[in-house]
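>>> Below: sequence and its predicted model.
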Amino acid sequence: EPEVTQTPSHQVTQMGQEVILRCVPISNHLYFYWYRQILGQKVEFLVSFYNNEISEKSEIFDDQFSVERPDGSNFTLKIRSTKLEDSAMYFCASGSTDTQYFGPGTRLTVL
Amino acid sequence: GEDVEQSLFLSVREGDSSVINCTYTDSSSTYLYWYKQEPGAGLQLLTYIFSNMDMKQDQRLTVLLNKKDKHLSLRIADTQTGDSAIYFCAETPHGFNKFYFGSGTKLNVKP
């Protein structure tokens, strides 16, 4: 069964550094999403991507964040100048018109 | 903005039925979902219901939707210890650009 994959599973970085989180969505899906979950808290929507552009973004998704689909298969989330409060699980998801499937997540730890 | 609310904890005995409840505020919700998250893992799509339905059954899972009261429930029949996890309710308005999650209900199944 096809699944969403994410790399790395765990990323440790120093405050102020840039990180790129990678996702390979399910191949025939058209909608792509990034979410984050701070430990013990709600899953928060960051951004959705459709037809090679951002379709919606939350107030969390400010200029520090960017997304890209560089080669038609990967979907990346770049976080510039990381802050301590960016430490969280970051989930990628992809979907068709009525379903959304999540990857296993990347745990980002900012020291 | 849209709000999805769930109770935080539910404890049941193995073999009993579990009912996890969710309320939402967005009257334009088109699809409503239940996800399961086991410790350290991603979100697994369990089932979903379209807003023009009031019930959906899938093996041990029964979803009930009361659109008038904006209330969604997930019933797990014959609950097993392997069902212990956090269950998230989610909804999306028309367009699938954004999904809103509840804070999750932690289900504890006692042997």
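Yep, that arrived. Keep in mind it's a predicted model, so treat the numbers as computed, not measured.

>>> and the closest residue in space to A:H29 that isn't next to it in sequence, what helix or strand is that in?
Of all residues not flanking A:H29 in the chain, A:S94 sits nearest, at 3.9 Å (CB to CB, 6 or more residues apart in numbering or on different chains). Where C-beta positions appear, they are placed from N, C-alpha and C, glycine not excepted. Counting by DSSP states H and E, the element that carries A:S94 is strand A:88-95.

>>> follow-up on the earlier one: so the residue nearest to A:H29 touches A:R69, yeah?
No - counting by CB atoms under 8 Å, A:S94 sits too far from A:R69 to count as a contact (10.9 Å).

>>> joint contacts of those two?
Applying CB atoms under 8 Å, 6 or more residues apart in numbering or on different chains, one finds that A:S94 and A:R69 are jointly contacted by A:32, A:75.

>>> Compare those two and say which is more crowded by neighbours.
A:S94 (25 against 15; other CB atoms under 10 Å in any protein chain shown).

>>> Who does that one form a beta bridge with?
Under DSSP bridges, the beta-bridge partners of A:S94 are A:F32, A:Y101.

>>> Quick check: it vs chain B, distance?
According to CB to the nearest CB, to the nearest Å, A:S94 stands 11 Å off from chain B.

>>> now do A:F102
Distance of A:F102 to chain B, computed by CB to the nearest CB: 4 Å.

>>> does that residue really touch B:L46, like I thought?
No - contact criterion CB under 8 Å: A:F102 and B:L46 do not qualify, at 11.8 Å.

>>> the more surrounded of the two?
Comparing A:F102 with B:L46 by other CB under 10 Å, the one with more neighbours is A:F102, at 23 against 17.

>>> excluding its backbone neighbours, what's nearest the more buried one?
A:F102 sits nearest to B:L43 (CB to CB, 6+ apart), 4.2 Å away.

>>> Contact partners for the one you found?
A:43, A:91, A:93, A:102, B:35-37, B:88.

>>> Having no further points to raise, I will conclude here.
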